[in-house]
Every structure is written in C-alpha cells, then in structure tokens.
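1. Structure of the sequence below:
(one chain, ligands or ions: 1)
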Amino acid sequence: MCTLEGRGNVEEWREAARAFLLGGVLPDLICWRTNGETMGLFGVETPFPPPLPEFSSPKVPPDFIKLAGAVICHSDPGRFSLLYRLLFRLMHERRLLDMMSDADVVAARQMAKSVGRDYHKMTAFVRFKELPLPAETAGRRKFIAWFEPDHFIVERAAPFFQRRFNDMDWLIATPKGAASWDGVELKSTSEPAEKPDLKDETDDLWRTYYASIFNPARLKVKAMTSEMPKKYWKNLPEADLIPGLIANAEASVMEMAARAASEPLPFHHRLQEVAASVQHAPSLPVGSHAALKEEASRCTLCDLHCMATQTVFGEGPVDADVMIVGEQPGDQEDLAGKPFVGPAGQLFNDVLKQVGLDRQRLYVTNAVKHFKYEPRGKRRIHQKPNRGEIQQCRWWLKQELDLVKPKLVVAMGATAYFALTDEQHKLADVRSKPMVMQDGQTLFVTVHPSYLLRIPEPEKKAVELLRFREDVESIQRLARSFA
Ligand code: URA
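-> Numbering: from 1, shown residues only. Just a heads-up that it's a prediction; the model follows:
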C-alpha cells in the first residue's frame, strides 16, 4: 500500500512511483490510496525497495509527464495505479502512448479530457463575492467563491485565477480543496473546504447582467445546457432566471418581432446621435492614426487586455518610410503607453544614435499591443505571446501598415517576423537579408534588442551588439535608397 497526502499532486505521486519503479515493483503489487481514504484490513504501507541496477535512470517521455499531470487530478481512485501501470509499461513499450486502442491509454486520455473540461468550467463559473472589510481597514479588497468541481483541479486552476484576479485577495473554496491569493503567495490545499454563506447583493448584478444579454431569438437550450451544465446552476446566482427565460422565450421573440415592425420613435435619431457622441467623444477623423489608436485602446480581441494596463499602440510619423515592429510592450511600455521606452528601447535608441538614424522619422510599433506577463510576487515577468494572440493582434498591425504604407518594414525578432509573414523560420536563416513582402514592401529582419540584453557572456554580447549595429546600418542604407 502507498498512501499519498495530496489528492491531485503529481510531484508526490511521481516521487513514490519513481521509487517503486527503481525497485522494479510490479504494478499489481501496489495499492495506492490517499490520506482521506479508509484503510482496508491489510492496510500496511509498502516500503520503497532498494533500486535495481537495470532501472537506475528511467527515461520518462515528456508526453507522459504532461498526461500524468492531468490524470492525477481526476477523482477516480484508480488513477494512481493506472498511471503507475502506464509508467511501468513505458519502460519496455516506448511508443505505448501512441497506441490509441490500448485500454490503459484510452482510460488515461479520457480522464485527462474530463479534467480539462472541469478546469474550463471552473474558469467560467466561479463567482466571487466581496467580503466586507472593517470600515477603518485600508488595503486590498477580499473576495471569496464556492465551486463544486468534479475533480481535484483547484491547484491546477489556481494560477489562472492568480493571473486574472491579481489585484485582489481571494479564496476559492471547494469540496475538493481550496486555493488562495494574497498578492504575494498563491496557496492551495486538497483538503475539503466548508461551503461559506455567499448570498449578497452582487447576485442581483449577475442576474441583471444575465437577463440583459439573454437573447430569446438565439435560444438553443441543448447548446446552452451543455455549455452551462445544470449541476453548476445551484451556485450561479443567475441560474434561477434560466427556466423562466426559456419558458418566455417564444413570447419574447414575438414581442421583439412586433416591436421591430413598428416605426422608430420620432426622437430616435436624436437618441442615436447622443449615443454615438458619448461612445466616440471626442470624435476623431475616421481612418486617422488617432482614431485607430482610440479604437485599439478598447480592444478585447484576446484575453491579454484583462491583465495589461493599457493598449500600447504604434507611434511615429504616419508618412514614415520605415516601420519598426517589435514583439510586445514590456513592463515600462505598459505603464507609459508608449512602445520601446524601457531597457530594450534604450538600447535601440543608443544604436540608432551611433548610426545616425533619427528615431523621430521611424514609425515604431509592436506585433502585439498588450503586455503579456506572469505575476511573480510584485514583479511582472514577460511572457511570449502565443500564436493565437499574435494572429488576433495582426489586425491592428495590418491597419498600421495600410495607414503608414512604409517602404521598409523591419521585424525585430521572431514574433514580429511571424506577425508580418505568417511564417516561422529560424531567425538566423532570414536575418539581414532584405526580402519582398506580399504587397511589395521590403522586409528586413534582425534580432530583438531584448535578446542582446539577455546575453550573459560579455564577449558574445559585444559581438552580437556589433552585428545588430551593422543591421541598423543596413536599415539606414535601405531607407536612404527609398528616400
Ligand atoms: N519590447 C518590444 O518588443 N516592444 C516594446 O515596446 C518594448 C520591448
């Protein structure tokens, strides 16, 4: 028997499994259990055996580690032995995980899928309630939520909530553990938590919101209940509206249709004008840089806007011959609302100055307009934008290209290159070789200044700086040839 403390803790299982594996213990000889489970009559802990030489350094494929991370969160008590069986078999059947007809592989993949679904539901259906603070207390606001997951996913989902709700203290309690964040430390436990009393006036807010976005003409009950399964309803303040909204949907659609056929109110156009002036105040020339920038400031195309301070749009003359494209704003750019003003921007400015290129004549922007980061304590650690984020934000880059129509576009780094071409090459293969883009502009690729800042060895740094400077000289020559 092997007893584990954490119900969804892959590290703990991994350590025990590794010890058994090194000792060559057959899967059927271990009975896995978690601390909360009652022991059987013969519940004696199996000691870890001495390691056998042939298993001295078991090689575990990364795919298995990823799969195990999900499967371990499943609530099926058989998950530990299933994983150990897979691990044991993998020592001899290296391609086991590719065998989609193998019963163990199928079972594990299904468990991982179910955990993934549960995780997704948790990110969608947790509803925080604010805890009142004593009147004289200043500081961060405190929130609490209750959720009932199917599996032990709280620890797995906690970093998502940390990213999303970074600026408040929160506790998520569930019957399968709890997680909390206080601005410094993210904690989680798999001990069952008590359901707190959560009714308050924010319930009414949810209800109002839900009722206002409910469109009876688009009602698809099956799709709705599969996206928001009934088992979650009891903890969703808006859920008690659903049966009534469904029951009245037909009548509401008829009413909407009748309303649509009638004449607009006589002052309709005045209301529209007022609404438009509120939305777009102050009104900006359509298609201008200022209008684009204003529109981008409200961009919610991807999730990055949730965490960033603001959209950092490109800047520079709209008739610039040269457009510089970086990756995404960094910490300082996010606060300042301007591209390339932090350490990478300073290095870039220095090299421009050395070469004699005037930054004021360049249009400088980024592939992605929001700062993506991971909070670590008080610091915000830069994270690379993913393909989806780059693709979403390409829309803005395209607007900038159409407006500025630069003759030369400079991609600094792989993200900018991908954003501009939709191609992923090794930067070394495309660097420093002017090429023609789809609409005739010249594209020049170089490294990102942050890459230079990160090089630890002084000699390599000096060499790379020199190469970057040579690239900037090439950019200047190309720019002159277009002038
Ligand atoms: N890195 C970038 O790619 N862009 C900036 O604006 C700053 C750092």
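
2. So the closest residue to the ligand within the stretch 301-450 of the chain versus residue 335, what's the distance?
-> When distances are taken as CB to the nearest ligand atom, the stretch 301-450 of the chain approaches the ligand most closely through residue 326, which lies 2.8 Å from it. Placement of C-beta: from N, CA and C, glycine included. Relative to residue 335, residue 326 is positioned 16 Å away (CB to CB, to the nearest Å).

3. More neighbours: which of those two?
-> Between residue 326 and residue 335, counted using other CB atoms under 10 Å, residue 326 has the larger neighbour count: 28 against 16.

4. Report pLDDT for that one.
-> On the pLDDT scale, residue 326 is placed at 98.

5. Residue 225 too?
-> Looking at residue 225, its pLDDT reads 68.

6. Kindly report the same for the one 3 residues further on.
-> Here, the pLDDT recorded for residue 228 equals 68.

7. Need the contact partners of stretch 335-351.
-> Outside of stretch 335-351, the residues within contact range by CB atoms under 8 Å, 6 or more residues apart in numbering are 309-315, 324, 326, 329-333, 359, 364-366, 412, 448-450, 452-453, 465, 468-469, 472.

8. and these, which of them are in helices?
-> Taking DSSP state H, the ones among the contacts of stretch 335-351 that sit in helices are 331, 332, 333, 449, 450, 452, 453, 465, 468, 469, 472.

9. need these in CSV with pLDDT, neighbour count and distance to the ligand, can you?
-> Output for these, formatted as CSV (pLDDT from 0 to 100; neighbours: other CB atoms under 10 Å; distance: CB to the nearest ligand atom, whole Å):
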residue, pLDDT, neighbour count, distance to the ligand
331, 94, 16, 9
332, 94, 16, 8
333, 96, 23, 4
449, 97, 24, 7
450, 97, 19, 6
452, 95, 18, 12
453, 95, 13, 10
465, 93, 17, 17
468, 96, 21, 14
469, 96, 15, 18
472, 97, 19, 16
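
10. ok, those vs residue 355, which is closest?
-> Using CB to CB, residue 472 is the member of the ones in helices among the contacts of stretch 335-351 that lies nearest residue 355, at 4.8 Å.

11. Looks like the closest one contacts residue 352 (just checking).
-> Yes - taking CB atoms under 8 Å as the contact criterion, residue 472 and residue 352 are neighbours in contact, 6.5 Å apart.

12. doesn't residue 322 make contact with residue 408?
-> Yes - counting by CB under 8 Å, residue 322 is a contact partner of residue 408 at 4.7 Å.

13. what's the overlap in contacts for these two?
-> Overlap of the contact sets of residue 408 and residue 322 (by CB under 8 Å, 6+ apart) consists of 475, 479.

14. which of these two has more neighbours?
-> Higher neighbour count among residue 408 and residue 322: residue 322, with 25 against 20, using other CB under 10 Å.

15. do you know how far that one is from residue 472?
-> The separation that residue 322 has from residue 472, given CB to CB, amounts to 11 Å.

16. Ok, residue 429 next?
-> With the distance defined as CB to CB, residue 429 ends up 20 Å from residue 472.

17. what does residue 47 give?
-> Distance from residue 47 to residue 472, counting by CB to CB: 65 Å.

18. And for residue 376?
-> Using CB to CB, which is the criterion applied here, residue 376 is 33 Å from residue 472.

19. Ok, residue 113 next?
-> When CB to CB is applied, the distance between residue 113 and residue 472 equals 50 Å.

20. near the ligand, which residues of the stretch 351-483 of the chain show up?
-> 366, 450 (CB under 6 Å from any ligand atom).

21. And the strands in the stretch 351-483 of the chain, which stretches?
-> Using DSSP state E, counting those that start in this stretch, the strands assigned to the stretch 351-483 of the chain run over residues 362-366, 373-376, 379-382, 408-412, 435-436, 442-446.

22. okay if I get those strands as TSV plus distance to residue 82 and mean pLDDT?
-> TSV is the format used below for the strands of the stretch 351-483 of the chain (distance: least, CB to CB, whole Å; pLDDT from 0 to 100):
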stretch	distance to residue 82	mean pLDDT
strand 362-366	46	98
strand 373-376	32	90
strand 379-382	35	92
strand 408-412	47	98
strand 435-436	52	94
strand 442-446	48	98
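
23. Tabulate those strands (JSON lines), appending distance to residue 342.
-> As requested, those are arranged in JSON lines below (distance: least, CB to CB, whole Å):
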{"stretch": "strand 362-366", "distance to residue 342": "12"}
{"stretch": "strand 373-376", "distance to residue 342": "13"}
{"stretch": "strand 379-382", "distance to residue 342": "10"}
{"stretch": "strand 408-412", "distance to residue 342": "14"}
{"stretch": "strand 435-436", "distance to residue 342": "29"}
{"stretch": "strand 442-446", "distance to residue 342": "18"}
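
24. quick one: which of the ones you listed is nearest residue 483?
-> Nearest of the strands of the stretch 351-483 of the chain to residue 483, taken as CB to CB: strand 408-412 at 10.4 Å.

25. So what are the sheet partners of the closest one and their directions?
-> For strand 408-412, the pairing partners within the sheet under DSSP bridges are strand 322-326 (parallel), strand 442-446 (parallel).

26. what's the closest of the ones you listed to residue 146?
-> Nearest to residue 146 among these is strand 322-326; the distance by CB to CB comes to 43.2 Å.

27. Please compute how far that closest one lies from its chain's middle.
-> Centre-to-centre, strand 322-326 and its host chain are 26 Å apart (CA atoms, centre = their mean, to the nearest Å).

28. Stretch 57-70 now?
-> Using CA atoms, centre = their mean, the mean C-alpha position of stretch 57-70 is found 23 Å from that of the whole chain.

29. same question for it, mean pLDDT?
-> Rounded to a whole number, the mean pLDDT of stretch 57-70 is 89.

30. now stretch 151-162
-> Here stretch 151-162 scores 94 as its mean pLDDT.

31. How about the contacts made by the residue in the stretch 101-250 of the chain positioned nearest to the ligand?
-> When you check the stretch 101-250 of the chain against the ligand by CB to the nearest ligand atom, the closest residue turns out to be residue 163, at 20.1 Å. With contacts taken as CB under 8 Å, 6+ apart, residue 163 has the following neighbours: 307, 374, 375.

32. do you know how far the residue positioned nearest the centre of the chain is from residue 398?
-> Centre of the chain computed as the mean C-alpha position; nearest residue by CA atoms, centre = their mean is residue 303, 6.8 Å away. In this view, residue 303 and residue 398 are 21 Å apart by CB to CB.

33. Go through the contacts of residue 163 and single out the one with the most neighbours.
-> Counting neighbours by other CB under 10 Å, residue 307 leads the contacts of residue 163 with 19 neighbours.

34. how about the nearest residue to that residue, chain neighbours excluded?
-> Ranked by CB to CB, 6 or more residues apart in numbering and with sequence neighbours excluded, the top spatial neighbour of residue 307 is residue 163, at 6.3 Å.

35. in the helix or strand containing the one you found, what counts as buried?
-> Take DSSP states H and E as the rule and residue 163 turns out to sit in helix 154-164. Counting neighbours by 16 or more other CB atoms under 10 Å, one finds that the buried residues in helix 154-164 are 154, 155, 156, 157, 158, 161, 162, 163.

36. Cool, thanks, talk later.
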